[in-house]
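In: 3D, please:
(one chain, ligands or ions: 1)
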Amino acid sequence: MEGFPRHTGDALRLLRDLPGEIRPGEPLSRHTTFRIGGPAWCLFVPADRAAFVEAVSRARAEGIPWLALGGGSNVLFPDEGFPGLVIATRGLRALEADGTHLFAEAGVPLPALASRGFPALAGIPGTVGGALVMNAGTSAGSISRYVRAVEVLGHDGIPRRLPATECGFSYRSSRLKRLHLPVLGAEFVAPGDETISAEEILRKRRSTQPLGLPSAGCVFRNPPDAPPAGWLIDRAGFKGARHGDALVSPVHANFICNLGRARATDVLALIERIRDGVRRLFGVILEPEIEIVWT
Ligand SMILES: Cc1cc2nc3c(=O)[nH]c(=O)nc-3n(C[C@H](O)[C@H](O)[C@H](O)COP(=O)(O)OP(=O)(O)OC[C@H]3O[C@@H](n4cnc5c(N)ncnc54)[C@H](O)[C@@H]3O)c2cc1C
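Out: Model prediction:
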């Protein structure tokens with residue numbers, strides 16, 4: 001494939017002794033909730049944690065660009081694809097509970113965690129790993145409030161346990177993200193005295209979010225010292241705006257949906273129009289919350 005770091009046959013040689021699925025040239029649109037994204041040089045689905053660790057270590061050693069992919073519910077890949085190794089974590093699914101303490105591997109679906117005493121996370125798609133990196137949450141709280149420690153693969157190739165205080169959690173971000181650290185799993189503590197009801201949060205989501213069309217959730221972060229991004233976008237008149245098959249949701253203005261054949265360039269064009277419109281009208285610079293992968 002033109003522009004890719006090496007021949008796709010090299011991917012097979014790099015990974016063939018590891019347990020898991022190796023898919024050179026896999027379209028990333030099949031692995032994102034946006035249903036957008038060109039081919040990866042190679043997508044690897046490690047069967048277990050050891051294979052995940054080994055794949056990351058080999059990519060690092062060979063200088064091959066790599067990224068971990070959870071549920072693909074917060075990423076926008078380019079139409080040209082990703083010129084490196086995408087390592088999907090769905091094989092890392094161990095979930096162990098000991099009273100109010102829980103250990104979950106990175107690929108555990110977030111709803112499976114949410115239903116075990118973490119109601120603030122109800123209804124958020126994706127995986128534990130993606131949620132930790134993004135510090136995902138709702139108005140009722142973020143995942144960081146439940147985390148005791150996160151297990152990462154250090155830059156030296158050694159797995160280590162980072163106490164929550166060292167993870168640098170902030171609004172929809174973390175040090176894990178800034179340092180591009182692969183998350184292997186995490187320990188959580190269920191508060192036990194939560195007054196929030198998961199049902200209530202789910203009901204609210206169903207009435208305020210366009211859940212029928214492919215999207216990546218909220219596109220923009222809520223700006224500090226300003227009204228929420230959705231309100232600003234709505235007031236700037238963008239609800240229902242289209243670029244190709246990318247649509248600003250008429251239900252929730254901070255969602256861009258894929259009507260079927262949207263390309264990454266369509267979404268990016270809408271993002272630019274929205275940023276420009278909101279800046280002109282309100283003087284507020286909106287920053288993306290979704291992970292835009294540039295190559
Ligand atoms: C309909 C809808 C509703 C949503 N609602 C919310 C909401 O209410 N609140 C909210 O916070 N988010 C929401 N989101 C966004 C998204 O679901 C969250 O950000 C989620 O936590 C992302 O998890 P993921 O596994 O899908 O991550 P991905 O999209 O797969 O990845 C996101 C980032 O994390 C990195 N990553 C993933 N796994 C690992 C790992 N194991 N190690 C290192 N890096 C990793 C990726 O490289 C990427 O940079 C919504 C999305 C959709 C589609």
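In: going forward, measure contacts and count neighbours with C-alpha atoms only.
Out: Fine.
In: got the residues of the chain near the ligand?
Out: Contact residues (CA under 6 Å from any ligand atom) of the chain with the ligand: 33, 67-75, 106, 124-127, 129-131, 133-134, 136-138, 181-184, 211, 215-217, 291.
In: Got a PyMOL select line for the buried ones in those residues?
Out: Entered in PyMOL, the line below selects the buried ones among the residues of the chain next to the ligand, by 16 or more other CA atoms under 10 Å:
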select buried, resi 33+67+68+69+70+71+72+73+74+75+106+124+125+126+127+129+130+131+133+134+136+137+181+182+183+184+215+216+217
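In: Helices along the protein, start to end?
Out: 8-15, 49-62, 110-114, 128-134, 175-178, 198-208, 229-235, 264-282 (DSSP state H).
In: Buried residues of the longest one, list them for me.
Out: This means helix 264-282. Residues 264-271, 274-275, 277-278 are the ones in helix 264-282 that count as buried (16+ other CA under 10 Å).
In: which other helices and strands contact that helix?
Out: Packing contacts for helix 264-282, counted by 3 or more CA pairs under 8 Å, 6 or more residues apart in numbering; DSSP states H and E, involve helix 229-235, strand 242-243, strand 246-248.
In: ok, residues contacting the second one?
Out: Defining contact as CA atoms under 8 Å, 6 or more residues apart in numbering, one finds that strand 242-243 is touched by 248, 266-267, 269-270.
In: Just put those residues in JSON lines and tack on pLDDT.
Out: Listed next are these as JSON lines, based on pLDDT from 0 to 100:
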{"residue": "248", "pLDDT": "98"}
{"residue": "266", "pLDDT": "98"}
{"residue": "267", "pLDDT": "98"}
{"residue": "269", "pLDDT": "98"}
{"residue": "270", "pLDDT": "98"}
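In: Could you list the domains of the chain?
Out: Using automatic domain parsing, the domain parsing of the chain gives 8-88, 95-189, 210-292.
In: Distance to residue 201 added to those domains, as TSV?
Out: Below are the domains of the chain laid out as TSV (distance: least, CA to CA, whole Å):
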stretch	distance to residue 201
domain 8-88	19
domain 95-189	7
domain 210-292	14
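In: Looking at the helices of the chain, which is nearest to residue 145?
Out: Taking CA to CA, helix 128-134 is the member of the helices of the chain nearest to residue 145, at 10.8 Å.
In: gap between that closest one and the chain center?
Out: Its chain's C-alpha centre and that of helix 128-134 lie 7 Å apart, by CA atoms, centre = their mean, to the nearest Å.
In: Can you tell me what sits against that helix?
Out: Contacts for helix 128-134 (CA under 8 Å, 6+ apart): 69-71, 104-110, 113, 137, 143-144, 172-177, 183-185.
In: if I read this right, residue 252 contacts residue 206, doesn't it?
Out: No: if you go by CA atoms under 8 Å, residue 252 and residue 206 don't touch, sitting 11.1 Å apart.
In: middle-most residue in this protein, spatially?
Out: Nearest residue to the geometric centre of the chain (CA atoms, centre = their mean): residue 74, 3.7 Å.
In: between residue 252 and residue 206, who's got more neighbours?
Out: The neighbour comparison of residue 252 against residue 206 (other CA atoms under 10 Å) goes to residue 252, with 20 against 12.
In: what's the burial count for the residue lying closest to that one once chain neighbours are set aside?
Out: Closest residue in space to residue 252, ignoring its immediate chain neighbours: residue 209 at 5.8 Å, by CA to CA, 6 or more residues apart in numbering. By other CA under 10 Å, the residues close to residue 209 number 17.
In: go on, residue 237?
Out: For residue 237, using other CA under 10 Å, the count is 14.
In: for the protein, which spans come out with low pLDDT?
Out: Within the chain, the stretches with pLDDT under 70 are 1-6.
In: is it true that residue 184 touches residue 49?
Out: Yes: with contacts counted by CA under 8 Å, residue 184 reaches residue 49, the gap being 7.0 Å.
In: Can you pull the residues that touch both of those two?
Out: With CA under 8 Å, 6+ apart, residue 184 and residue 49 have common neighbours residue 92.
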